[in-house]
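> A structural model of the following input is requested.
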Amino acid sequence: MDPFERLFKDEYSRVVAIANRVLADRQEAEDVAQEVFVDFHRLHRADAPYAAPWLHRAAANTALNAVRSRTRRARREANYGALEVPRSADPAEVAEVTEQRLLVRAALTRLPRKGATVLALRYGGLSYAEVASALGVNIGQIGTLLRRAEAALRREVERGTSR
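The predicted structure is shown next:
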């Protein structure tokens, strides 16, 4: 099997999971994964020892960029009244959940990149060791980075709801 095929087979589901955790949209997460693998293939050798951590970090960063882009697009659409109303059995519940998700994602985009990335990687299913490898830091730092990022995210969500 070709080294890139092996890398793709071994890491694709993890890259999609990381992106999906940030985006909450499986199709968009798969698009992000495809973009990440194409970028990696274009820039690096498939058998590079840093391949998996690079892919994981790139998935988190690319997904965060997609959320930022989505947030800017939603803001533009809201300014022009083009937002769709979701359809569901309980519109109030759908609106509440949608609003909460938007608040969290918007807050995530306001965090420093490292904080947002550590959250995306950890809640995307990576272990502390894998997050440490992807970020290029000591595993002993991950707990602290994660707690700080979670606290910053909480503050940003609260700030977003108090506006």
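
> As a check, name the ranges of all helices in the protein.
For the chain, the helices defined by DSSP state H cover 3-23, 26-43, 51-79, 91-110, 113-123, 128-135, 142-161.

> tell me the most buried of the ones you listed?
helix 113-123 (a mean of 22; mean count of other Cβ atoms under 10 Å). C-betas here are computed from N, CA, C, even on glycine.

> now that helix against helix 142-161, angle please.
Taking axes from the mean of the first three to the mean of the last three Cα atoms, to 10 degrees, one finds helix 113-123 and helix 142-161 inclined to each other by 110 degrees.

> what mean pLDDT does helix 113-123 have?
Helix 113-123 carries an average pLDDT of 90.

> what angle do that helix and helix 128-135 make?
140 degrees.

> what's the spacing between helix 113-123 and its chain's center?
7 Å (Cα atoms, centre = their mean, to the nearest Å).

> what inclination does that helix have with respect to helix 91-110?
130 degrees.

> Give me the residues contacting helix 113-123.
Outside helix 113-123, the residues that touch it by Cβ atoms under 8 Å, 6 or more residues apart in numbering are 18, 21-22, 56-57, 59-61, 63-64, 108-109, 111, 128, 130-131, 134-135, 142, 145-146, 148-150, 152-153.

> again, but for stretch 61-76
Residues contacting stretch 61-76 (Cβ under 8 Å, 6+ apart): 18-19, 21-23, 28-29, 32, 35-36, 83, 102, 105-106, 108-109, 113, 116-117, 120.

> swap the cut-off to 7 Å and go again
18-19, 22-23, 28-29, 32, 35-36, 105-106, 108-109, 116-117, 120 (Cβ atoms under 7 Å, 6 or more residues apart in numbering).

> any idea of the mean pLDDT for it?
Per-residue scores along stretch 61-76 average to 80.

> what distance separates it from the centre of its chain?
Distance, centroid of stretch 61-76 to centroid of chain: 11 Å (Cα atoms, centre = their mean).
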